[in-house]
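Participant: structure of the sequence below:
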Amino acid sequence: MRRLRLTGIQQMDNLSNDELLDFMMMPNFRILGSMSHQRLISFINDLRVKNFLFENITYYSSTSALSKLLRRLSNEEFNHFIDSESLNIINNSPRKFVLIQTIFLNDNPAIAESLKDSALASYILDNFHIYSSFIEQMNEEKAISLFQNIMQKHPEKVGYIVHLNTRNQLAVIKYIGIYNFYHICENENIFLYLANEVISTLICKEPFYQYFADLPTNKIIELINRGLILPAVFSSNKEFIKKIATLKDPNEYRLLDCSIMNYAYNNFRRSRLLHLEQCITYLEENGRTYNESDILPYYLIEPTLSAEIYDHLFYDDHLEAAREKYYDEQVSLIPNCFGLLKEYYDYYMNPNSDVQAIDSNVNFQSSMRMWQTSGGSKEELYQILLKASTKRFEEILIDRYYKDVAYNFLANLSNALAFLKRASQSDLKLNDEEYASLKERLQRYETILNFPNLSLEEQLAFYYSFDPSINYAYLFYEDYRLAKDTSYEDMNREVFKPSHTSNLYNEELSQKLGIDIYELKGEPFYAFIHLTSIKRSEASRDSGLWQDRISIFLEDPLSDIEFPIGSSISLASDRKLEALRSVNEYVTFGYNHLEPNRIAHVYHADSYSSFRRSGVGMCKICDIDTAEDLTSKTRRYSEILYQEVSNIVLDPDVLARYSKFKPNYLYCYDEITIWDMSVAQRLGIPILLVHTNCYYQEIDDYIDYNRDNEYITSLDQAMKIKSYQRK
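Facilitator: Reported below is the predicted structural model:
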């Protein structure tokens with residue numbers, strides 16, 4: 001094409017299509033605004049124009065000639081341009097994905113309007129498997145127009161609504177009408193695949209309120225475990241409560257209840273955030289001044305909320321009461337069912353029924369397969385069912401009175417009980433009355449652990465010995481906390497403290513270096529240590545950058561990029577010198593004391609924690625041990641997760657009760673560098689120098705990947721547990 005110069009008086013209508021295309025390729029040239037409607041129709045209907053525009057498309061299509069053209073077109077003009085001929089060209093183009101994306105997602109409002117009745121809409125719906133990603137990206141106007149087209153011409157494709165984003169799903173349902181959409185859901189498998197927020201909104205209203213309550217239990221469970229937030233209206237829905245309360249498996253019930261309440265709590269947090277935003281808006285609109293430090297603590301610690309907010313919060317009082325009643329009814333039937341829970345008794349009387357329906361545990365299913373294939377006797381069947389029924393009875397007792405998954409509770413119970421039985425009254429800091437009461441509870445805990453070995457009469461008597469008016473879950477976790485606190489105080493007594501170890505002080509070296517130096521040359525010791533992410537060797541390569549990093553760290557020793565709300569600490573000792581990283585490579589701090597209520601978790605190996613702003617995330621069962629016992633169990637290095645209170649509590653009065661977490665000494669192996677001295681001097685702390693050649697290290701031949709050391713967090717895990725005894 002030849003290049004033309006366009007004068008101000010030259011009319012676009014007088015130019016040929018080739019000349020118009022030539023001008024369209026000029027950057028930022030708005031050629032189309034000067035063309036008449038009829039001339040533009042003629043231009044965009046030209047096959048040469050279409051081929052040219054479609055061939056000159058790029059991945060960055062928003063600046064292409066095609067995009068410029070699309071922004072100019074009216075509804076009628078768009079339908080002339082993107083007709084069956086154009087779509088045929090596009091469909092045979094290697095760039096068809098980019099072309100459809102450019103056309104479909106163009107921001108011209110006329111395109112949204114055209115989707116109600118256009119070749120483009122039909123083409124996309126017919127090739128939905130290719131272009132479904134565009135459905136998620138389109139705006140609300142396009143979504144409504146497309147579904148107007150679907151409802152009128154392609155009603156069988158209404159299920160495509162599940163591919164819309166949450167906002168557009170709600171917009172389309174509003175357009176369709178909630179009652180019309182309800183009838184669609186009755187005939188199509190759509191409802192279960194909508195966004196959780198959409199389902200939560202729909203089930204607040206009839207007819208979806210009843211529709212949800214009538215869903216099969218497994219579908220309700222699936223939605224809740226997927227993240228559905230239940231509105232408060234279901235807290236007292238008798239049909240819903242009955243469905244959940246009569247689930248056979250206590251593990252399934254408790255894990256489901258935890259999901260319901262977790263999401264209810266998240267809903268509550270969102271409501272508080274909304275309330276805070278409303279408060280701030282009110283203050284700003286009325287010219288009131290405020291400080292963020294004033295309003296946030298009040299919001300986080302003791303929020304004052306309107307009553308309406310609580311109307312949207314699910315609570316499980318009715319559900320728990322119904323579940324307790326169900327448990328009591330099941331236990332009351334045991335004496336009349338040959339000592340079995342009713343579902344096991346029913347199977348014993350009719351072995352041809354579905355065995356999977358009564359118990360999905362892999363151990364039970366394996367035993368049943370062996371009995372069936374070997375043609376076992378009725379007595380052998382009874383013994384298999386009795387063992388499974390006894391296990392279920394123990395789970396019922398634990399969930400009835402301790403509100404927990406049996407395996408997790410028993411794991412915590414075993415750890416706490418073992419520690420508390422060894423601890424003295426003085427260690428526990430209890431008076432005579434408190435200690436006597438604790439010993440009574442310890443006896444009850446031992447009975448729970450021994451439950452499978454009790455006779456049926458003893459099991460029933462033990463179940464009925466619990467007083468329903470007493471909160472046993474609270475009492476247990478008070479005892480559990482007592483065991484943990486006592487364990488942590490034992491470690492605090494044992495760890496190295498510079499002021500208490502004058503015999504390790506090297507006076508000559510301290511005077512020479514101008515820093516207090518303590519040395520360990522074979523003496524037994526324990527030490528709380530934290531390895532930073534700052535390499536000692538980096539100081540020699542770029543001392544300026546290293547000084548900047550260490551300055552930030554020294555300002556707040558728990559500001560390590562890896563643990564923004566806390567710190568991962570190890571209990572090092574003369575038998576366990578290894579740590580998460582090499583002490584010789586990274587700046588390492590030591591601590592005299594850890595506040596027990598800030599210790600989130602202790603484990604005898606790496607717990608693979610995820611200690612981020614969202615909280616502490618790990619599934620390893622927490623260890624409760626003395627310093628000696630933890631060291632004996634430790635594989636390579638232990639992990640103690642320690643919370644940085646200043647990042648999780650904003651109330652200044654609360655913070656005032658906590659000391660700032662600062663290192664008490666620098667921890668080094670075998671040598672002290674000039675950079676170690678720089679850090680110690682800036683912090684005003686001594687250095688502990690450990691001569692590793694003076695210590696014999698135990699060789700670990702065991703890698704701790706045993707899943708029996710993990711809490712159960714899903715029903716699938718619960719079903720795979722073969723025994724409640726930890727290996």
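
Participant: what residue ranges in the stretch 401-550 of the chain score low on pLDDT?
Facilitator: Applying pLDDT under 70 to the stretch 401-550 of the chain picks out residues 539-550.

Participant: can you give me the strands in it?
Facilitator: 517-520, 526-535 (DSSP state E, counting those that start in this stretch).

Participant: how many other residues sit next to Phe54?
Facilitator: 20 (other CB atoms under 10 Å). Using the backbone N, CA and C atoms, a C-beta is placed for each residue, glycine as well.

Participant: swap in Ala322?
Facilitator: 17.

Participant: dump the residue contacts of it.
Facilitator: Contacts for Ala322 (CB atoms under 8 Å, 6 or more residues apart in numbering) come out as 241-242, 245.

Participant: reformat the residues you listed as TSV; add distance to Lys633, secondary structure and neighbour count.
Facilitator: Shown next, in TSV, are the contacts of Ala322 (distance: CB to CB, whole Å; DSSP: H, G, I helix; E, B strand; the rest coil; neighbours: other CB atoms under 10 Å):
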residue	distance to Lys633	secondary structure	neighbour count
Ile241	44	helix	20
Lys242	46	helix	14
Ala245	41	helix	19
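
Participant: closest one of those to Lys620?
Facilitator: Nearest to Lys620 out of those is Ala245 (CB to CB; 31.9 Å).

Participant: select, out of the strands of the stretch 401-550 of the chain, the one closest to Ile90.
Facilitator: Smallest distance to Ile90 across the strands of the stretch 401-550 of the chain (CB to CB): 51.9 Å, for strand 526-535.

Participant: give me the domain ranges for this protein.
Facilitator: 12-230, 403-494, 495-709 (automatic domain parsing).

Participant: among the strands of the stretch 401-550 of the chain, which comes closest to Cys204?
Facilitator: The closest of these to Cys204 is strand 526-535. By CB to CB, the value is 47.8 Å.

Participant: so what's the residue count around Tyr591?
Facilitator: For Tyr591, using other CB under 10 Å, the count is 23.

Participant: swap that for Gly684, sorry
Facilitator: Around Gly684 there are 9 residues (other CB under 10 Å).

Participant: next, format the domains of the chain as CSV and append distance to Glu379.
Facilitator: As requested, the domains of the chain are exported to CSV (distance: least, CB to CB, whole Å):
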stretch, distance to Glu379
domain 12-230, 34
domain 403-494, 17
domain 495-709, 32
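
Participant: which one of those lies closest to Cys258?
Facilitator: Of those, nearest to Cys258 by CB to CB is domain 403-494, at 8.3 Å.

Participant: thinking again about what came up before, dump the strands of the stretch 401-550 of the chain to CSV, plus mean neighbour count.
Facilitator: As requested, these are exported to CSV (neighbours: other CB atoms under 10 Å):
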stretch, mean neighbour count
strand 517-520, 20
strand 526-535, 22
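
Participant: the stretch 1-150 of the chain: strands as residue ranges?
Facilitator: Going by DSSP E, counting those that start in this stretch, the stretch 1-150 of the chain shows no strands.

Participant: low-confidence ranges in it?
Facilitator: Looking at the stretch 1-150 of the chain by pLDDT under 70, you get 1-35, 58-63.

Participant: coming back round to it: so which of the strands of the stretch 401-550 of the chain comes closest to Arg226?
Facilitator: Closest among these, using CB to CB: strand 526-535, at 36.5 Å.

Participant: what packs against that closest one?
Facilitator: In this structure, strand 526-535 packs against helix 472-494, helix 543-555, strand 566-573, strand 586-591, with contacts taken as 3 or more CB pairs under 8 Å, 6 or more residues apart in numbering; DSSP states H and E.

Participant: make TSV out of those and add distance to Asn56.
Facilitator: Listed next are the helices and strands packed on strand 526-535 as TSV, based on distance: least, CB to CB, whole Å:
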stretch	distance to Asn56
helix 472-494	69
helix 543-555	48
strand 566-573	56
strand 586-591	56
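
Participant: out of those, flag the one nearest Asn693.
Facilitator: Nearest of these (CB to CB): strand 566-573, 16.1 Å.

Participant: and that closest one with helix 472-494, angle?
Facilitator: Counting by axes from the mean of the first three to the mean of the last three CA atoms, to 10 degrees, strand 566-573 lies at 60 degrees to helix 472-494.

Participant: kindly export strand 566-573 (C-alpha atoms) in CSV.
Facilitator: The C-alpha trace of strand 566-573 is given here as CSV (Å, rounded to 0.1, in the frame of the first residue of the first chain):
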residue,chain,number,x,y,z
GLY,A,566,6.9,-15.5,65.1
SER,A,567,10.1,-17.4,65.3
SER,A,568,11.2,-21.0,64.8
ILE,A,569,13.5,-22.0,67.7
SER,A,570,15.4,-25.2,68.5
LEU,A,571,16.4,-26.7,71.8
ALA,A,572,20.1,-27.3,71.2
SER,A,573,22.1,-29.4,73.6
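
Participant: and that strand, how far out from the chain middle?
Facilitator: Offset of strand 566-573 from its chain centre (CA atoms, centre = their mean, to the nearest Å): 25 Å.

Participant: could you check the angle strand 586-591 makes with that strand?
Facilitator: Using the same axes, to 10 degrees: strand 566-573 against strand 586-591 is 80 degrees.

Participant: helices or strands up against strand 566-573?
Facilitator: Strand 566-573 packs on strand 526-535, helix 627-633, strand 639-643, going by 3+ CB pairs under 8 Å, 6+ apart.

Participant: now do the contacts for the spatially closest residue to Phe234 that is not a sequence neighbour.
Facilitator: Leaving aside its sequence neighbours, Phe234 sits nearest to Phe240 (CB to CB, 6 or more residues apart in numbering; 5.0 Å). By CB under 8 Å, 6+ apart, the residues touching Phe240 are 212-213, 220, 234.

Participant: alpha carbons of whatever helix or strand Phe240 lives in, as CSV, please.
Facilitator: Secondary structure from DSSP states H and E places Phe240 in helix 238-245. The C-alpha coordinates for helix 238-245 follow below in CSV (Å, rounded to 0.1, in the frame of the first residue of the first chain):
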residue,chain,number,x,y,z
LYS,A,238,-34.9,-29.0,62.5
GLU,A,239,-34.4,-30.9,59.3
PHE,A,240,-30.9,-29.7,58.8
ILE,A,241,-30.0,-30.3,62.5
LYS,A,242,-31.4,-33.8,62.4
LYS,A,243,-29.4,-34.7,59.2
ILE,A,244,-26.1,-33.6,60.7
ALA,A,245,-26.8,-34.7,64.3
